[in-house]
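A.B. asks: Here is the input, now give the coordinates:
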Amino acid sequence: MSGSIDYGKLMHEAMRGLIQRVLVGVQDNGLPGAHHFFITFDTTHPEARVADWLKERYPSEMTVVMQHWFDDLEVTEDGFSITLNFGDAPEHLYIPYDAIQTFVDPSVEFGLRFESPEAEDEPSDPDPGEEAEDTGEARDDEAQGEAEVVSLDSFRK
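C.D. replies: Numbering: from 1, shown residues only. Model prediction:
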């Protein structure tokens, strides 16, 4: 064992495990109630699979919305695949858990933000809908409220 415990890495693994468990529940039972997700991910991640036209439009990161219409959700140990509607164009995506930058469920004001060492100088308040892709879902920020985002970088040394 190394000379110190990497709590930041352990917490990120635990938070990704939480996302996996939530998505398995959605895969098995659908989205309950008003729950829906804004998921921002790194489109340059080597394991991410995104249509070329989407990658051109979002060369570094993209936010997708899982709400009323999604299909083919398949959750694995390393990530999940899903078909989403982008302006009446269904596209299949694969998103590895370690490509996820934010995971927000505004219906219950819950959010997770994954910090990278390069991002430590950036502001800590994400706007999960800033680059939200058109999924045919209307987003009503005032009705949804603000999600509390948990950032663990303040605990790192």
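A.B. asks: How many residues are close by the closest residue to A34 other than its chain neighbours?
C.D. replies: Of all residues not flanking A34 in the chain, S107 sits nearest, at 4.2 Å (Cβ to Cβ, 6 or more residues apart in numbering). (Each C-beta comes from the backbone N, C-alpha and C, glycine too.) Each residue near S107 was counted by other Cβ atoms under 10 Å, and the total is 18.
A.B. asks: Kindly report the same for K9.
C.D. replies: Applying other Cβ under 10 Å, we find 11 residues neighbouring K9.
A.B. asks: secondary structure class for the residue nearest to A34?
C.D. replies: Under DSSP: H, G, I helix; E, B strand; the rest coil, S107 falls in the helix class.
A.B. asks: Check the gap between the residue most central in space within the chain and F103 for me.
C.D. replies: Using Cα atoms, centre = their mean, the residue of the chain that lies closest to the mean C-alpha position is I39, 2.5 Å off. From I39 over to F103 the distance is 6 Å, taken as Cβ to Cβ, to the nearest Å.
A.B. asks: same thing with G25?
C.D. replies: On the measure of Cβ to Cβ, G25 and F103 end up 14 Å apart.
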